[in-house]
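Chemist: return a 3D structure for these sequence lines:
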Amino acid sequence: MTQAYPLHWPAGWPRMSSNGRKRAKFGKSTQSSYGSWKTKGELTIQDGTKRVIAELRTMGVRDGLFVISTNLELRNDGLPRSGQRMPEDPGVSVYWTRKGHQQVMAIDIYDRVQDNLAAVASSLNALRAIERHGGAQILDRAFAGFTALANPDTFDAWAELGLKPGSSAEEINSQFRKLSRDRHPDVTGGDPEPFQRLERARREALAA
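Modeler: Sure thing, here's the model as predicted:
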């Protein structure tokens, strides 16, 4: 799909100048040791990352089908690591595969990575609200725009399948069978493209 570190900014997305960035007001709810009141705590990298992952999972994006790309060094699980110096470029790009399409959202208007992570999560939540209120087609059009920006000139068979490059033929075919249930035109409202992309991915992965 793309790299998690360093930041891989998508083609076609404008950048915010460093002097144009601002401090956000995102925070987290915390509770006193007595359990009687709540206040605002400082948002952390881990908090922002969790928010993004929670939104992606609510959209049906499974683990292994998304990448959070920043200029923060990674933990062993490939996610941004807390407790390190804030990078000069605090931008965040989140890539994912939804309904057989590769998509991306990138934000760099804030001066801290954790706030840009939180902004991505909030933006995804706002887009999902469109779907909740009956605008599923509008949402799909919006995500189609992200698809065009995510990777305009290449097709990544491994990302489409959610597998690591070099996976065995058995793993490829097993993953194909698993994903094809959700991407068949009978499930996607008659849209054949997700299933066609999956078939292409299997062919190319088997030939690799």
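Chemist: from the contact counts, what lies against the strand or helix carrying Val120?
Modeler: Using DSSP states H and E, Val120 sits within helix 113-132. With contacts defined as 3 or more Cβ pairs under 8 Å, 6 or more residues apart in numbering; DSSP states H and E, helix 113-132 has these neighbours: helix 45-58, strand 92-98, strand 101-107, helix 136-150. Every residue, glycine included, has its C-beta placed from N, CA and C.
Chemist: what about stretch 182-193, start to end distance?
Modeler: 12 Å (Cα to Cα, to the nearest Å).
Chemist: residues contacting that stretch, please?
Modeler: With Cβ atoms under 8 Å, 6 or more residues apart in numbering as the test, stretch 182-193 has contacts from 99-101, 181, 194-195, 197-198.
Chemist: repeat the analysis, applying 6 Å as the threshold.
Modeler: 100, 194-195, 198 (Cβ atoms under 6 Å, 6 or more residues apart in numbering).
Chemist: that stretch: which residues count as buried?
Modeler: Arg183 (16 or more other Cβ atoms under 10 Å).
Chemist: related to what we said a few turns ago, give me the mean pLDDT for the helix holding Val120.
Modeler: Mean per-residue pLDDT for helix 113-132: 87.
Chemist: quick one: distance of that helix to the chain centre.
Modeler: On the basis of Cα atoms, centre = their mean, to the nearest Å, helix 113-132 sits 11 Å off its chain's mean C-alpha point.
Chemist: between it and strand 101-107, how many degrees?
Modeler: Taking axes from the mean of the first three to the mean of the last three Cα atoms, to 10 degrees, one finds helix 113-132 and strand 101-107 inclined to each other by 130 degrees.
Chemist: sweet, I'm off.
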